[in-house]
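J.: The following comprises the amino acid sequence and a computationally predicted model.
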Amino acid sequence: MDFNLTEDRQMLADSLNRYLGDKYPVEHRNAVAYDLPCHDDGKWAELAELGALFALSPESAGGFGGTGFDIAVVFEALGRTLCPEPMLGAAMAARILTALQLDQEALLSGAAKYAVALAEVDAPYDLQAMECSAVAQGDGHVLTGRKTSVYGGQVADIFLVAAMLDGAPALFEVQAAAAQVVGYPMMDGAGAAELLLDGTPAQLLAANAGAIISDAVNAGIVALCAEAVGVMDVVHATTVDYLKTRKQFGVPIGKFQVLQHRAVDMLTEIEQARSITIKAASELGGPQAGRFASMAKNMIGRAGRLVAEEAIQMHGGIAMTWEYPVSHYAKRLVMLDAQLGDTDYHLSRIMADLAA
Amino acid sequence: MDFNLTEDRQMLADSLNRYLGDKYPVEHRNAVAYDLPCHDDGKWAELAELGALFALSPESAGGFGGTGFDIAVVFEALGRTLCPEPMLGAAMAARILTALQLDQEALLSGAAKYAVALAEVDAPYDLQAMECSAVAQGDGHVLTGRKTSVYGGQVADIFLVAAMLDGAPALFEVQAAAAQVVGYPMMDGAGAAELLLDGTPAQLLAANAGAIISDAVNAGIVALCAEAVGVMDVVHATTVDYLKTRKQFGVPIGKFQVLQHRAVDMLTEIEQARSITIKAASELGGPQAGRFASMAKNMIGRAGRLVAEEAIQMHGGIAMTWEYPVSHYAKRLVMLDAQLGDTDYHLSRIMADLAA
Amino acid sequence: MDLSFSENDIAFRDEVRSYLADNLPTAMTEAVRKGGELTKEMMEDWHVILQRKGWLATIWPKEYGGPGWTPVQRHIFEEECCRAYAPRIVPFGLNMLGPVLIEFGTQAQKDYYLPRILSGEDWWCQGYSEPGAGSDLASLKTRAVRDGDHWVINGQKTWTTLGQHADKIFCLCRTDAEAKQQQGISFILVDMNTPGIEVRPIRLIEGGHEVNEVFFTDVRVPVENLVGEENKGWTIAKFLLTHERTGIAGVGFSMQSLEEVKALARKMRRGGKRLIDDPLFAARIAQAEVDLEAMKITNLRMLFKAQQQGAPGPETSILKIKGTVIHQELKDLARRALGPVAAPFPGYLAEGNIMFGPDGTEHNAARYFNNRKTSIFGGSNEIQRNILSKAALEL
Amino acid sequence: MDLSFSENDIAFRDEVRSYLADNLPTAMTEAVRKGGELTKEMMEDWHVILQRKGWLATIWPKEYGGPGWTPVQRHIFEEECCRAYAPRIVPFGLNMLGPVLIEFGTQAQKDYYLPRILSGEDWWCQGYSEPGAGSDLASLKTRAVRDGDHWVINGQKTWTTLGQHADKIFCLCRTDAEAKQQQGISFILVDMNTPGIEVRPIRLIEGGHEVNEVFFTDVRVPVENLVGEENKGWTIAKFLLTHERTGIAGVGFSMQSLEEVKALARKMRRGGKRLIDDPLFAARIAQAEVDLEAMKITNLRMLFKAQQQGAPGPETSILKIKGTVIHQELKDLARRALGPVAAPFPGYLAEGNIMFGPDGTEHNAARYFNNRKTSIFGGSNEIQRNILSKAALEL
């Protein structure tokens, strides 16, 4: 049992934290975020140089990481500065390409940006009801349907798309140039796209890809949860700091016992969220990965809302302003719940285990 | 719009509160409660004389009340002193006898004690799955099955029993002497019984009695909710009083802001519980009675648990003792949830309306 | 006990309902339903529509142009306006300054200002909060110094709602620097066109602009713009905080939100079934509905008590605390019902000609975030709990 | 990062598991499962079973008769004991007084008392709390006055768990009436057979008898029964509060309770279907399970940190707060799962020969109520939050 990071991962965390803190501070972040393309190409290349992408895949696939803990280290650092770069798509795509033993040099070097298109408007979380479908045409296939909430899709070069083929979910590669991509910024600053497919040519990567897709989703959940932990740590530290400095009624408001106890309750939930994220990361790739990913995402959903709302409430008006960074952190925490399955969706997956 | 009690009801409330406060204080209550028969025959007769039973039926049936507000007045007073007497059965039976235009002089005068037997172990709340059944025999019927949690059954003279007859719920009258009655005290002090029927002779009161049973349950819920409001008022007042007198760290603990805010949150939930109880009482007998009874019972379940647990926690060890009355009030609040449908059961009834 | 309205009140309700049906433009109700920001013109048009009927200054006595309603009638009116998705009235002149002038103003002040509020000629805003004085309003620092026939004001106000549209501002200023806290504060009326005033927008968490900072640099105001006595402004501030608290529970807005959530849960689909058929989500709605039904009665009970006692008691803080919690929960449910569909930043999808969720839901996430303010402003829920602890529980 | 136990630890776990399987009597595990009160004999038998293997004084150094385990091994041992439904060890001698004597006792005290704790000859209880000194322990009033070779003790202790079985009691007494609060308190050992001691039972909320009041009237105790320095008893009290906090999260007991709740939800029926198929109840279980899985890791993280730093930090208060909340929630779910079946007062049904719920569930409601104590004793959750606020957040 060892809850310390390995030396390599600690070095990666330190260098990412240092880089993002210096080069991607909140002013720059807010300039990049909330408006297309929600992306800074130069910073993306530098993040890649620092190894943020190589950490997402194992050595056998050309990277130097690839475990749940590697993913968590990268995303916790991204969370601490609310970095809006399209890293989630890369993490999930790297997982798929590794599973299929496909070349991912372009992904890991940052030369090509990948996005993974799974969700649909009527099937945002559970892909069983997916309606996007593929038919064989000539040497390849064509896809028809609409994929929604493709994170990072607004700048992606290549989409990995889930679609039904012969009654089972399959994975395809679609070039951005071949499809209609409608990008948009999100409430919490990062970008996404709708991917409109209408007889769009696609290359089949894997038929019967349910297990591979699940694994990619589980990895994405670990990434999101670790990101949320990074976000929550900053929010909590900022809030506690504010409690020490903001005075009302002649004393720092942190002297009010009610706020003290609520700050403690935030801390407790954050530590619980960190714990279950560690657990989900450790199980990634194993037989229990889905179960613990669901647990982590459920808890992150609850803790994230609590931390966001309490941080705003305890700050008062200042945290309601665009200018004060906590507002952006709070938005990220709240909106993250709707990515890759929300609190209730994941709870219902755990409930399904119970009934069995 | 008028939220004052009528003069008659205010007089009844005052006289019941005075009588119970004087003659049924907690020492006497604890001597009566927790051990069979959980009943004081002399006090029962005096309560009847004060009109506690006559208030349960309308003038047309020989009483002087019979609305939801009348029931609420009686039970709120019972709640304030945790009176364990078998009044719930009387309230529900009076409702049934009134609906069927049957004589209820013995009930209203207190001469005969009635209990209503609806629940079964595998169907504690929802009577759709009731298994107790009736068959015709000679001039009458015989019943077979086990009825559970018959409140007041340990001292009842007459049982009104729900059983299936020709595929529909029907109501029967069973004499206590004719059935096997296993009485017991409950965790919160009052008595109940299991009613074991095995070819037990019974008199058919009404076939297809679903609507009458529902009305009796709704009335019982109004009674329980009003009782809970009475209990919560006492618990809250006692807690606030304790906060003012108990000193730790050199000050009354009510000076600690955390306890102040939590006492306020208790108050807020109690006022909300009082409001929804008033609403349920006002709707009793009308087309929306079931819906608002469910809302009231759901909210009472939540508020009751909160108030009980917070009262114990804010008192500390003293409220964990048998000697300190709050412990008994807390038990009543918590255990009341399992009577006539718990928090979740009633929420699911409201959910059913939503889906429609 | 009788929870029903009187026949008179029901007739009144029908009259309100029918006037709204005939006079409230569809464009307005559509804008309210969508929940984005309303234009200044819309707010002004609504003002005129109500004034035409004499239903504008609902809490003013009849002799000053109010409709002479009972508290129950005011409640019915507010509820019907919500039911019809009417815009909210801009309250600063009508519900705040008006009653203050009626109670504390000179005859000249009443004669001059009240008709201009009714006509809509003056759009007022509020100069209370400061960066260092939020919950602790009494620690405000904006100074007003007497100089001949003028007050000279220096300082900064913040959270000034709709100040960008305003012609005038009423301010709390410190007029005696030596006096402690609540003492030494005065209530002063200021024309926004006076030299030395600068209004800077505050962009809110969700991106909208509804509040402002107002800076005062040597702003000269005639001495007769003082309301009430010098150094007694705190009395007026307290009067405003406790005087008029109908509507504080926001029941009408919560009812709007509940209907919206139910409609969304029927429309949105989760993997082949309606969201409302998901028991976890249905339970959330049902729970909020129970809380709201209880709040409706709590609201009426407090209204009844206020009507009987002539003034609302400290228990009305319960309406603020629980009312905002319920409303915020419903806003959370609306965002949650939309799921990823709530994610796009409002405005972008129309450009891409892509429809996401049901019509009019584009602002849902923004509204969730914007509504976090309701438990902070007007005396935060923490302050309300302090009040209740002291005044109702005597702790 | 590595969440798995080492090979050595797994071998140790297997050894514990196998010893328990072979030596823990079924009658004991049945009694633990049912959750009623255990007899004195059962507790003594369990003491002997562990001592036979040398696994009794798990936190004592090896030279005093401890097993020499690492914190991880102690954690594994506790978890396996829960898993096997072993009785809880009576902690007052072994986990409280033992470490105090080892740290602060004289050689004579160690030589005399420690072996008697191990052998079970002395059953110790704790004399800390007083009616006026609960959360505020430092305000205790029980006096010990020096009279020649004796301390003369007068006062009253309360919440003395299992004091009815005890031979000896360790007390905090005020030995300097002039000194303020924490100063002037001493830690004194008292034989329960000394004249002037009276033990009165406290009946608890659910009807059980596990705690007592202990009255001291001119109780004469030899001076050598002082532990540590005179007037420095607070140092010992603090040492006890912070020294040994493994197991504080109660994860093992919560795991027992979760299994119980799941089993109940599979057995109980609600109108034709299993309770576990009711989505509202299933959601409650699932939510508690998520919280508990997180707590397992939080517990291990704190254990790891304590092992690395040599002592637990203030963050361990998180384990107390959240651990008790989770456990109490599970106790609530068990009672809720039974519904009306949980209502009968324990003991009556057997007499009537009527079976209600599944076997062994008779005490469920009583256990719910009894377990409300866990968030009160050992430093209430409010005190824990104060500690965290100060020590971890520096507020």
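T.: Nice, I can see it.
J.: Does stretch C:240-253 reach chain B?
T.: No. Stretch C:240-253 is not in contact with chain B by C-beta under 8 Å from any C-beta of the partner chain; minimum separation 11.2 Å. Any C-beta I mention is one placed from the backbone N, CA and C, and that applies to glycine too.
J.: tally of neighbours for residue 253?
T.: No chain in the question, so chain A it is. 24 (other C-beta atoms under 10 Å in any protein chain shown).
J.: wait, chain C
T.: Neighbourhood size, residue C:253 [other C-beta under 10 Å]: 20.
J.: What are the boundaries of the strands in the stretch 151-300 of chain A?
T.: Using DSSP state E, counting those that start in this stretch, the strands of the stretch 151-300 of chain A run over A:158-165, A:168-175, A:180-185, A:191-206, A:247-248, A:251-252.
J.: Packing partners of the last one?
T.: Other elements packing on strand A:251-252 under the criterion 3 or more C-beta pairs under 8 Å, 6 or more residues apart in numbering or on different chains; DSSP states H and E are helix A:210-245.
J.: Can you mark which positions in the helix it packs on are buried?
T.: A:212-213, A:215-236, A:238-240, A:242-243 (16 or more other C-beta atoms under 10 Å in any protein chain shown).
J.: Can you tell me which helices and strands that helix packs against?
T.: Using 3+ C-beta pairs under 8 Å, 6+ apart as the test, helix A:210-245 ends up in contact with helix A:68-80, helix A:87-99, strand A:168-175, strand A:251-252, helix A:257-283, helix A:289-315, helix A:325-335.
J.: tell me the mean pLDDT for that helix?
T.: The pLDDT scores in helix A:210-245 average 98.
J.: For the stretch 1-150 of chain A, what lies in contact range of chain D?
T.: So the stretch 1-150 of chain A meets chain D at A:1, A:2, A:3, A:4, A:5, A:6, A:9, A:69 (C-beta under 8 Å from any C-beta).
J.: Out of those, which end up buried?
T.: Among those, the ones that count as buried by 16+ other C-beta under 10 Å are A:1, A:3, A:5, A:9, A:69.
J.: want to throw those residues into a markdown table with pLDDT and distance to residue D:386?
T.: Shown next, in a markdown table, are those (pLDDT from 0 to 100; distance: C-beta to C-beta, whole Å):
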| residue | pLDDT | distance to residue D:386 |
| --- | --- | --- |
| A:1 | 87 | 31 |
| A:3 | 94 | 27 |
| A:5 | 94 | 32 |
| A:9 | 96 | 36 |
| A:69 | 98 | 35 |
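J.: Show residues contacting the one helix or strand in chain A whose mean pLDDT sits lowest.
T.: Across the helices and strands of chain A, mean confidence by mean pLDDT, DSSP states H and E is lowest for strand A:247-248: a mean of 92. Under the criterion C-beta atoms under 8 Å, 6 or more residues apart in numbering or on different chains, residues A:253, C:132, C:134, C:135, C:136, C:139 lie in contact with strand A:247-248.
J.: Check stretch C:11-29 too.
T.: By C-beta under 8 Å, 6+ apart, the residues outside stretch C:11-29 that reach it are C:5, C:38, C:42, C:45-46, C:49, C:52-53, C:55, C:73, C:76-77, C:80-81, C:83-87.
J.: I'd guessed residue A:140 sits against residue A:204; true?
T.: Yes. Counting by C-beta atoms under 8 Å, residue A:140 touches residue A:204, with 6.9 Å between them.
J.: Looking at those two, which one has more neighbours?
T.: residue A:204 (16 against 13).
J.: Let me see the contact set for the more buried one.
T.: By C-beta under 8 Å, 6+ apart, the residues touching residue A:204 are A:134, A:140, A:141, A:165, A:170, A:171, A:172.
J.: List the beta-bridge partners for it.
T.: residue A:172 (DSSP bridges).
J.: Domains in the chain, by residue range?
T.: No chain in the question, so chain A it is. What automatic domain parsing lists as the domains of chain A is A:7-112, A:115-208, A:212-355.
J.: please go with chain C instead
T.: Per automatic domain parsing, the domain ranges recorded for chain C read C:7-89, C:124-229, C:245-391.
J.: Nearest the geometric middle of chain C, what residue?
T.: When C-alpha atoms, centre = their mean is applied to chain C, the residue found nearest the centroid is residue C:91 (6.4 Å).
J.: Angles on the backbone of the residue sitting furthest away from the middle of chain A, please.
T.: The outermost residue of chain A relative to its centre, with distances by C-alpha atoms, centre = their mean, is residue A:250 at 42.3 Å. The phi and psi values for residue A:250, taken as degrees, to the nearest 10, are phi 80, psi 0.
J.: Contact partners for it?
T.: C:136, C:139.
J.: redo that, cut-off 10 Å
T.: Residue A:250 sits next to C:136, C:139, C:181 when contact means C-beta atoms under 10 Å, 6 or more residues apart in numbering or on different chains.
J.: Quick check: of those, which lies closest to chain D?
T.: residue C:136 (18.3 Å; C-beta to the nearest C-beta).
J.: Just to check, the closest one is in contact with residue C:128?
T.: No. At 11.9 Å, residue C:136 does not count as touching residue C:128 under the criterion of C-beta atoms under 10 Å.
J.: more neighbours, the two?
T.: Using other C-beta under 10 Å as the criterion, residue C:136 and residue C:128 rank with residue C:128 on top: 21 against 17.
J.: Am I right that that one is in contact with residue C:159?
T.: Yes. Taking contacts as C-beta under 10 Å, residue C:128 lies within contact range of residue C:159: 7.8 Å.
J.: shared neighbours of the two, anything?
T.: Here residue C:128 and residue C:159 share the contacting residues residue C:134, scored by C-beta under 10 Å, 6+ apart.
J.: Name the nearest residue to residue A:324, sequence neighbours excluded.
T.: Setting aside the residues directly before and after it, residue A:324 is nearest to residue A:318 in space (C-beta to C-beta, 6 or more residues apart in numbering or on different chains), at 5.0 Å.
J.: For my notes, confirm the one you found occurs in a strand.
T.: No. Assigned with DSSP: H, G, I helix; E, B strand; the rest coil, residue A:318 falls outside any strand and is helix.
J.: got any ranges where the stretch 151-300 of chain C has weak pLDDT?
T.: Applying pLDDT under 70 to the stretch 151-300 of chain C flags the ranges C:243-246.
J.: mind redoing it with 90?
T.: For the stretch 151-300 of chain C, applying pLDDT under 90 flags the ranges C:177-183, C:238-248, C:271-272.
J.: Just the CA trace of the helix or strand containing residue C:111, in PDB.
T.: Assessed by DSSP states H and E, residue C:111 sits inside helix C:107-119. Extracted C-alpha coordinates of helix C:107-119, given in PDB (Å, rounded to 0.1, in the frame of the first residue of the first chain):
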ATOM      1  CA  GLN C 107     -44.400  67.000   1.200                       C
ATOM      2  CA  ALA C 108     -42.300  68.600  -1.600                       C
ATOM      3  CA  GLN C 109     -40.400  65.300  -2.100                       C
ATOM      4  CA  LYS C 110     -43.600  63.300  -2.300                       C
ATOM      5  CA  ASP C 111     -45.200  65.800  -4.700                       C
ATOM      6  CA  TYR C 112     -42.200  65.800  -7.000                       C
ATOM      7  CA  TYR C 113     -40.900  62.200  -7.000                       C
ATOM      8  CA  LEU C 114     -44.000  60.000  -6.500                       C
ATOM      9  CA  PRO C 115     -45.800  61.000  -9.800                       C
ATOM     10  CA  ARG C 116     -42.500  60.700 -11.700                       C
ATOM     11  CA  ILE C 117     -42.100  57.100 -10.400                       C
ATOM     12  CA  LEU C 118     -45.700  56.300 -11.500                       C
ATOM     13  CA  SER C 119     -45.300  57.800 -14.900                       C
END
